[in-house]
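Q: Sequence first, predicted coordinates after that:
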Amino acid sequence: MSTAGHRLPGLRILALVVLALGVVGCGLVGPGQPSRAARPPVPARAAYVAEDGHVYVVPLGGGDARRVSQVAGLVEGETTTGWESPTGRWPTWAPDGSRVAFVRVLVGPSDALIVAQLWTVAHDGTDLMKVWEATDQEPIYFAWSPNAALIAMLVQGDDDLELVLVDMTGGQQPRTLAKGNPFYYTWSADSRALLLHVGDTSSRATAKPELGILRLGPPDEYRSLGIVPGSFRTPGWSADGRKIAFVANGPDGVPAVSLVSPEGGDITRVASAAGQTAFALTADGARLAWSSRSDADRLAYDGLEVVSTDGRRRTRVTDERVIAFFWSPDQQRLAFVTLAQGSTSFAWNVADADGHDPKRLSTFTPSPDQIRTLAFFDQYAISHGLWSPNGGALAYAVDAAGSPRIFGSGGPGTVMTVPADGGERAKTLIGGNFVALPVPAP
């Protein structure tokens, strides 16, 4: 993320969020094949932030919710030297769905930071552990490694964002891996490396634009890919470690969505881009969904396309204004959010893997926190799932039971689910302003 996306009180309007998009980052995968050992199914559980600011877990199919952000020593009626703001931020599942991480921030008068903490807890609320704490840094984004042994966390420093590595096993102390602003990253499938996209050419950037692979030690080893990145945010990395996706100018000076091996070599250009571009690479590296932001409409992307990474197939999925798009965990469907012209209503849509047969599932007005995840969807897609682990449904948070109002208006939100096959209407799961599902490891 970028500093520009850090403190937007209430995130009142989508426009303010999207226009501040200098923000986060994701990464790369190490060479070599990830383990193909059979894994047990990831449970379909939702972590959500309720109106009281606490984190809860509820079965996606419905049932009793359990509060999991109860920190020992802080019970109802107890006073502290500060105010929690809020009591549980950005719940994030481990890829296997066994644990949830969340941020707790204690502030004083004028929102002065007293302490920021990162906690993890089992899905049933047991085994609560504080794994990181600071009095001068505040986390703004974090993502578990695919093996659930590490968390890579972006924290706000004095000028730059810092990427901090937290070891869930307790074998190593938290350490800073890199600095810069803006900053985007993604994990390798084997959890041994991170692909970093740091800096840009804007006046707010504190680092020159660069793509590189950071292999974790100790000692940690960083290697630049020797590519000057174009206008995009989060890079992609296939699960086999063989394909990295990015945007860069070609020999003709035209920016293009491109792929290259982590070891270098010939660059494959799969689509010409215009303006800031976002993309989503499937885990198997076979397909890439992408779109570029229109200069005439900075709130959305100009349609959506799916292209095979061998360049043989290309499908225009929609010409509507697109806000975000997400591959299903099995890579067989593509969900995308559109925004009707002159409307404040968003719509969920789903197409098949090649971008054919799109169908509309449901319209909604997102909660302020949901707006943030949609605005930075390419980064949040690696950590905060909206697809159920089996690919059968989508979960999302709406404002005031979905009533059409201005973007980011206040009030209690509602967590909704909608079947991805379009066979049923969306239904209410539970009250909440933010929801996240596990993102299964590739």
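A: That came through fine.

Q: Please make it C-alpha for all contacts and neighbour counts, starting now.
A: Will do.

Q: can I assume Ala274 sits in a strand?
A: No - assigned with DSSP: H, G, I helix; E, B strand; the rest coil, Ala274 falls outside any strand and is coil.

Q: how many neighbours does it have?
A: 17 (other Cα atoms under 10 Å).

Q: How about the contacts made by it?
A: Shown in contact with Ala274 (Cα atoms under 8 Å, 6 or more residues apart in numbering): 255, 292-294.

Q: Surely Arg333 and Ala351 touch.
A: Yes - using Cα atoms under 8 Å, Arg333 makes contact with Ala351 at a distance of 5.8 Å.

Q: What is the nearest of the contacts of Ala274 to Pro146?
A: Taking Cα to Cα as the measure, Pro146 lies nearest Ser292 of those, at 28.8 Å.

Q: That closest one is in what secondary structure piece?
A: Per DSSP states H and E: Ser292 is located in strand 287-294.

Q: Please tell me how far that strand is from the chain's geometric centre.
A: Centroid separation for strand 287-294 versus its chain: 16 Å, with Cα atoms, centre = their mean, to the nearest Å.

Q: Name every strand pairing with whichever helix or strand comes after that strand and say which way it goes.
A: Reading on from strand 287-294 to the C-terminus, the next helix or strand found by DSSP H and E is strand 297-308. Looking at strand 297-308 with DSSP bridges, its partner strands are strand 287-294 (antiparallel), strand 314-327 (antiparallel).

Q: Turn those strands into a markdown table, including mean neighbour count, distance to Ala112 and mean pLDDT.
A: Output for these, formatted as a markdown table (neighbours: other Cα atoms under 10 Å; distance: least, Cα to Cα, whole Å; pLDDT from 0 to 100):
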| stretch | mean neighbour count | distance to Ala112 | mean pLDDT |
| --- | --- | --- | --- |
| strand 287-294 | 23 | 36 | 93 |
| strand 314-327 | 20 | 34 | 97 |
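
Q: Quick one: the ones you listed as CSV, columns for distance to Gly303 too.
A: Shown next, in CSV, are the strands paired with strand 297-308 (distance: least, Cα to Cα, whole Å):
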stretch, distance to Gly303
strand 287-294, 6
strand 314-327, 4
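
Q: quick one, which of those is nearest to Gly422?
A: Of all the strands paired with strand 297-308, strand 314-327 sits nearest to Gly422, with 16.5 Å by Cα to Cα.

Q: Let's see the following helix or strand past the closest one as PDB, backbone CA atoms only.
A: Sequence-wise, the next helix or strand downstream of strand 314-327 (DSSP H and E) is strand 333-339. What follows is strand 333-339, C-alpha atoms only, in PDB (Å, rounded to 0.1, in the frame of the first residue of the first chain):
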ATOM      1  CA  ARG A 333     -14.700 -19.000 -12.700                       C
ATOM      2  CA  LEU A 334     -14.000 -15.300 -12.600                       C
ATOM      3  CA  ALA A 335     -16.100 -13.000 -10.400                       C
ATOM      4  CA  PHE A 336     -16.200  -9.300 -11.200                       C
ATOM      5  CA  VAL A 337     -17.900  -6.300  -9.800                       C
ATOM      6  CA  THR A 338     -19.400  -3.700 -12.100                       C
ATOM      7  CA  LEU A 339     -20.700  -0.200 -11.600                       C
END
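
Q: what comes up buried for strand 333-339?
A: Neighbour-count burial for strand 333-339, counted by 16 or more other Cα atoms under 10 Å, picks out 333-339.

Q: what's the angle from that strand to strand 297-308?
A: Here strand 333-339 points in a direction 160 degrees away from that of strand 297-308 (axes from the mean of the first three to the mean of the last three Cα atoms, to 10 degrees).

Q: strands paired with the next helix or strand after strand 333-339, and their directions?
A: The helix or strand immediately downstream of strand 333-339 is strand 346-352, counting by DSSP H and E. Strand 346-352 has the following strand partners under DSSP bridges: strand 333-339 (antiparallel), strand 359-364 (antiparallel).

Q: Any chance you could list what contacts the first one?
A: Outside of strand 333-339, the residues within contact range by Cα under 8 Å, 6+ apart are 300, 320-328, 345-353, 355.

Q: Tell me the confidence at Gly22?
A: Gly22 carries a pLDDT value of 39.

Q: cool, Gly25 as well?
A: Value listed for Gly25 in the pLDDT field: 38.

Q: How about Gly311?
A: Reported pLDDT for Gly311: 85.

Q: which ones are touching it?
A: Here Gly311 is in contact with Val270 (Cα under 8 Å, 6+ apart).

Q: Wait, a helix at it?
A: No - according to three-state DSSP, Gly311 belongs to no helix; its state is coil.

Q: what are the phi and psi angles of it?
A: phi 80, psi 10 (degrees, to the nearest 10).

Q: Distance of it relative to Glu320?
A: Distance of Gly311 to Glu320, computed by Cα to Cα, to the nearest Å: 24 Å.
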